[in-house]
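Student: fold the following and give me the result.
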Amino acid sequence: MDTPAGVSLLLVEDNPDDARYVRRLLHEYQADVGLEDTEPLLDIEEVVHVDRLTTALEGAHTGGVDVILLDLMLPDSTGLETVEAMVEAAPATPVVVLTGQNDGNVGVEAIRRGAQDYLVKGSITGELIHRTVRYAIERAETHRQLRDRNDRLALLNRLIRTDIRTDVNMIVGWSDQLKGRFGGDEETIVDAILQAAHHGLELTDTAGELMDVIADDDGIASSPCDVTSVLERELEHLEREFDGELELSRDGLDTDEAVLVSGTPMLDSVFRHLLTNAATHTDRDRPRIAVGLEERPDTVSVTIADEGVGFSAAQRATLADPDRSPEDRIGMGVGLYLVTTVLDEIGGDLTLEENHPQGTVATVTLDRTTPLE
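Tutor: I've put the predicted structure just below:
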């Protein structure tokens with residue numbers, strides 16, 4: 001991030017001696033850095049001093065303030081309520097608290113109330129003020145960018161899951177009405193439209209789930225999960241979708257005991273995508289899929305072997321590349337990107353290998369775990 005330039009600092013301090021001291025430290029430090037012919041850490045162009053919270057709130061409302069140095073003990077406000085009032089009035093402006101108490105708990109609590117950082121008056125220097133103010137501005141800008149990103153993701157999520165999905169559902173509905181009314185090439189076109197529309201619905205589901213993962217700043221929470229139950233649910237879903245037109249074999253799923261792994265509710269989406277991909281990307285009349293479960297002392301592996309077209313050689317090569325970039329991962333396809341993103345978050349692993357004589361073997365490896373107490 002570039003060094004902020006032309007910064008306007010609002011100093012809220014009722015003690016005139018302390019205010020003069022802060023001004024002097026800032027002035028002397030910038031002058032000394034200038035004499036050394038090096039670029040200052042921060043170009044504080046203007047320091048506006050006020051001695052009341054009400055005056056500071058008015059100044060913050062008018063705009064033009066880049067950062068606020070805020071004393072906690074003012075004539076019209078004292079303590080941490082001062083921080084809350086300032087942050088509420090100027091949520092986009094970083095606040096650095098000035099406290100006379102050499103008590104880290106006060107500073108930590110101020111940060112919890114919305115301040116970016118804190119300084120203890122008895123130990124401040126010009127360099128420390130500059131560094132603290134600069135980092136506060138940079139952190140506030142990072143937070144603003146994250147909020148903007150999440151707002152855009154929320155809007156895109158709504159667009160995909162509501163607006164686009166509604167229109168695609170209309171295409172499916174109208175195409176269903178047209179089936180059987182034509183013959184020859186026209187019927188082939190209707191079938192192609194229906195197939196594309198159903199694929200579009202699947203993509204909106206996958207994209208929505210992927211955005212849920214990306215938009216979660218705290219990442220995916222890992223928790224014990226019975227992988228056999230997840231697989232059985234998704235296998236039953238797959239059999240309903242193909243309604244007898246699928247040859248499915250299970251190996252190792254007949255255990256009566258739960259096989260607990262470090263998982264997440266998103267694990268359902270991982271196996272649903274892999275199973276659906278295995279069933280739909282095939283040139284056979286009846287897709288054949290073999291699902292296997294292998295338990296080891298520390299891990300559990302689930303294999304999904306198909307005899308269809310499966311994943312491409314390019315997708316397998318990209319997945320196997322330890323130095324793959326985010327752009328390369330996105331290039332694997334939105335579904336596979338979702339799978340790898342979820343597995344990365346919970347410490348899982350995915351490998352893709354050729355099946356012989358045809359198809360792909362996808363192997364998901366997960367860490368074993370124990371029930372929560």
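Student: averaged pLDDT, the one helix or strand residue 31 maps to. What do you get?
Tutor: For residue 31, the host element (DSSP states H and E) is helix 16-35. Helix 16-35 carries an average pLDDT of 83.
Student: which positions in it come out as buried?
Tutor: Buried positions in helix 16-35, judged by neighbour count with 16 or more other CB atoms under 10 Å: 18, 19, 22, 25, 26, 29, 30, 33. Just so you know, the C-beta spots here come from the backbone N, C-alpha and C atoms, and that holds for glycine as well.
Student: need these in TSV with distance to residue 194, can you?
Tutor: As requested, the buried residues of helix 16-35 are exported to TSV (distance: CB to CB, whole Å):
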residue	distance to residue 194
18	74
19	73
22	71
25	72
26	69
29	70
30	69
33	69
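Student: all strands of the stretch 1-150 of the chain, in order?
Tutor: 7-12, 44-50, 67-71, 73-74, 77-78, 95-99, 117-120 (DSSP state E, counting those that start in this stretch).
Student: could you dump those into CSV with mean pLDDT added?
Tutor: Shown next, in CSV, are the strands of the stretch 1-150 of the chain (pLDDT from 0 to 100):
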stretch, mean pLDDT
strand 7-12, 92
strand 44-50, 90
strand 67-71, 94
strand 73-74, 92
strand 77-78, 90
strand 95-99, 91
strand 117-120, 91
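Student: any chance of these in a markdown table, with distance to residue 87 too?
Tutor: A markdown table is the format used below for these (distance: least, CB to CB, whole Å):
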| stretch | distance to residue 87 |
| --- | --- |
| strand 7-12 | 13 |
| strand 44-50 | 17 |
| strand 67-71 | 9 |
| strand 73-74 | 15 |
| strand 77-78 | 13 |
| strand 95-99 | 6 |
| strand 117-120 | 13 |
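Student: so which of these is the most surrounded?
Tutor: With neighbours taken as mean count of other CB atoms under 10 Å, the strands of the stretch 1-150 of the chain reach their highest mean count in strand 67-71, at a mean of 25.
Student: check which helices and strands that strand sits against.
Tutor: Here strand 67-71 touches strand 7-12, helix 53-62, helix 80-89, strand 95-99, helix 126-158, going by 3 or more CB pairs under 8 Å, 6 or more residues apart in numbering; DSSP states H and E.
Student: average pLDDT across the longest one?
Tutor: Taken as a whole, helix 126-158 has an average pLDDT of 81.
Student: starting at the chain centroid, how far to it?
Tutor: Centroid separation for helix 126-158 versus its chain: 15 Å, with CA atoms, centre = their mean, to the nearest Å.
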